[in-house]
Structures are given as C-alpha cells and as structure tokens.
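S.K.: Sequence and predicted model, in that order:
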Amino acid sequence: MTSSATLAKPPAGNLNFVLICVFVDMLGIGLIVPVLPALVGDYVQGREQQALWYGVMGAVFGLMQFLCMPMVGALSDRVGRRPVLLYSMAGMCINFLSTAWAPSLAWLFIGRVIGGASSASMSVASAYASDVSTPETRAKSFGKIGAAFGLGFVCGPVLGGLLGNQDLHLPFYVAAALSAANFVYGWVAVPESLPPERRSAFAWDRINPFSALLRLVRRTDIRALLVCYTLLQFAQMMLQSTWVLYTTFRFAWGPRENGLSLFCVGVCSIAVQAGLLSLLIRRFGEVRLTLLGLGSGAITYLLYGLATRGWMMYVFILCNVLAFAAGPALQSILSKTTEARAQGELMGSLQSIASLGLVLMPLLGSAILGAASHLPPQDWRVGGTFFLCAAMQAAALLAARHHFRART
C-alpha cells in the first residue's frame, strides 16, 4: 500500500507558480491590446497604413506562436518545464521593453517576434500542472489554469486602457515589470516538476506544427465539424484583431473606452464558460447549444458592423451570451468522437487551427479596414470585417446542421 501510494504521488512542484505565470502572461498581453494600434499609428502616416501594419504585426505574432508552440513543448519534455517557463517570462519582459523603447516600426516588429515565440508556453504550463497533479486532481488543475488565463485577459485590457490614456508607453513598462517579478519568483522559489528519469529524447518530427493538423484533416467522420470549428475560430480571431481599430475608426474611441469594452467581453465570456455553461448544456444539450450559439454569433457580428453609436456595442455584447458557449460545446462534441489516447493530439490540433486564425485574420481584417479607412465613420462599409465574421458564423452554422442531420 505504501509503495503504491508513493508511486501515485506526483513529483514536487508549485501549481501556484504556473497560475501566476499564466495570469501575468495574459495580463501583460491584455495590457497592450488597447494601446498597440495607437502606438503603431505614431510611426506611420494615415489610417490605411496604420491598419495595414497593425495587421502585419498581429500576423507575425501569431506565426511565431504557431511555429514555436510544438518546439517549446518538445523542449520541455527534454530539459524540464522550469527552464522553459523561465525563458518564456524573460522573453516576454524583453518583448515589452523593446516595444516601449522602440524608436521605429522595425523595433516594434522585433518585439512582436520575441513576444510570439515567448508566449507559446501555454502548453508547457499545462504540462507542469499535469506533472504536479494526481489523476484525480488533474481536471481541477486545468480548470484553474483556464480561470487564470481568462482573468488575466479580463483585467489586462481595462488596466492597459486606463494606463494608456495617460501615456501609450506606460502599459508596456508595467507589463515588463510584472514579467520580471514573475521571473525572479520562479528562479528563487519554484522547483522543477519533471524529474530526469521521466524526460524524453528530443525528436525533430515532434516539432512540426503541420503533422498533427494533417492527420486531423484526414478524419472524414468529423470533417464538417472541423470546418465549423475553423470558421468559428477564424471569426473570433478576426474580432479580436480588428476590434480596437474598428471602434477607433467608427466611434473615435481611445485606449480607455477600448479597454472597458474588452473588459466587458471578458467578463461575459468568463461568466458563461465558468458559471453558466453547465446550466446551458443541461437546458439545451450540446448540439442545440452549438447551433444556437452559432446563430446568435452570426446575428451579433452583423449588428456590430451596423452599429452607429458606441453604447450599442455594449448592448450587443450583453445580448450575445449563447455565442460564448458555442466553442466549448463544439469542442466537447469533437472530444467525444475521439478515443482517450488521442485526446492530447486532438486538442493540440484544434489549438493549431486557432493559431492559424491568429496568423491569417489580422492580415485580412487590416486589409478590409484599411480599404474603408477613407470613408465617413457612419458609412456601413466600415463594418466590413464584422460582416465577414457574420458570414463565417452563418457558414459554420450550416456545416454543423449538415453534420448533425446526417448523423441523425
């Protein structure tokens, strides 16, 4: 009995460190969301150039994250979790400082490259939590990581908006200080979670971000649902990458107003996914909830693009509760189609789809906004990015209905 208990006991570690790491990373990223478009505008001439270069920067960040995520995960299996997490914190600190000190647009790009490579540590944080948890407490640990992720992104934009209203560079200094403090805490107080005997050799085929994604695409049994999930994620990435520029062009919002609006989005998302999701699933079931959420999202995106007053955006956010539940419900359906030993690969592949959206959608969204930047603020064509999001959500709804009807 004693021997079995010893074998089942997880290695020494510090889950609180991982929670703080995830929270600080997302807080730092959230801090700069309301101010980065304005900072880019200081280095270029005109709104069209501002939209173009902001979109390119978003794509560079997403591309680095997409390419580095499997590499960082495989490296942590070889050398341990602690050094990779410390590298991430140091990299994020350098990213924020290089952005705050940037004398030119080229320096902003350097910061985005460093930031994208350093922010690919979410999978390592999850691996650390898995290392220090028992099978019985693992789901609870992952839930805490998700809560830390959401809380950081809720607090970051509103704080960044308030600080950026005073000085556009101030949020970057605050984010750098938080990352530096997190690095010092990890260096001094946090043990390694993966002992040498449990580490694996580094294999080059494990760092290919396309291999698992290609295996997923070959699954004909869920192909329609994968199309649905891709369109859902791409629409969300379009929203995230163009929200600040759109509201700036349309309503002349500054960092404070954008920070508050993103705070409202984050609170609604957490309220639904952490509090109301179980109730909604019991009430509607996963299939109906997915369909209702996609339909609600399509209508809301359309209304975002047609809004003529800033206060309308808040009303539409609050009325879009069901859309925040569509992603988790669809992800649960996909999970149930996959055997237990392939769950990790499935979730990693779905994350890769989201990362591709983070690469492609800023480029497309900034091009659409740039083309409409010369139009009067109340011209309906300024909302083109959200009309495209509405079309993607509607197409996702049709793909999901086709799949569920065929299954029935």
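M.R.: Noted; the coordinates are in hand.
S.K.: Longest helix in the chain, please.
M.R.: With secondary structure taken from DSSP state H, the chain has its longest helix at helix 46-79.
S.K.: Buried residues of that helix, list them for me.
M.R.: 47-77 (16 or more other Cβ atoms under 10 Å). C-beta: built from backbone N, CA, C; applies to glycine.
S.K.: what packs against it?
M.R.: helix 36-41, helix 81-100, helix 105-118, helix 122-131, helix 223-251, helix 343-372 (3 or more Cβ pairs under 8 Å, 6 or more residues apart in numbering; DSSP states H and E).
S.K.: Would you map out the domains in the chain?
M.R.: Using automatic domain parsing, the domains assigned to the chain come out as 14-191+203-209, 211-408.
S.K.: How far away from the center of its chain is the helix or strand encompassing residue 398?
M.R.: Secondary structure assignment for residue 398, by DSSP states H and E: helix 384-407. With Cα atoms, centre = their mean, to the nearest Å as the basis, helix 384-407 stands 21 Å off its chain's centre.
S.K.: swap in stretch 324-341?
M.R.: With Cα atoms, centre = their mean, you get 18 Å for stretch 324-341.
S.K.: Equivalent analysis for stretch 97-107, please.
M.R.: Centroid separation for stretch 97-107 versus its chain: 24 Å, with Cα atoms, centre = their mean.
S.K.: For it, what does the pLDDT average out to?
M.R.: Across stretch 97-107, pLDDT averages out at 87.
S.K.: By neighbour count, which bits of it are buried? Give me those.
M.R.: Buried, per 16+ other Cβ under 10 Å, within stretch 97-107: 97-100, 102, 105.
S.K.: any chance of the domains of the chain in a markdown table, with distance to residue 197 too?
M.R.: Formatted as a markdown table, the domains of the chain follow (distance: least, Cβ to Cβ, whole Å):
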| stretch | distance to residue 197 |
| --- | --- |
| domain 14-191+203-209 | 12 |
| domain 211-408 | 21 |
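S.K.: deepest of those, which one?
M.R.: Greatest average neighbour count among those goes to domain 14-191+203-209 (a mean of 20), per mean count of other Cβ atoms under 10 Å.
S.K.: Export stretch 63-71 to PDB, keeping only CA atoms.
M.R.: Extracted in PDB, the C-alpha atoms of stretch 63-71 (Å, rounded to 0.1, in the frame of the first residue of the first chain):
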ATOM      1  CA  LEU A  63       3.000  32.900 -36.800                       C
ATOM      2  CA  MET A  64       5.800  32.800 -34.200                       C
ATOM      3  CA  GLN A  65       3.400  31.300 -31.700                       C
ATOM      4  CA  PHE A  66       2.200  28.700 -34.200                       C
ATOM      5  CA  LEU A  67       5.700  27.700 -35.200                       C
ATOM      6  CA  CYS A  68       7.200  27.700 -31.700                       C
ATOM      7  CA  MET A  69       4.400  26.100 -29.700                       C
ATOM      8  CA  PRO A  70       5.300  22.400 -30.600                       C
ATOM      9  CA  MET A  71       9.000  23.200 -30.300                       C
END
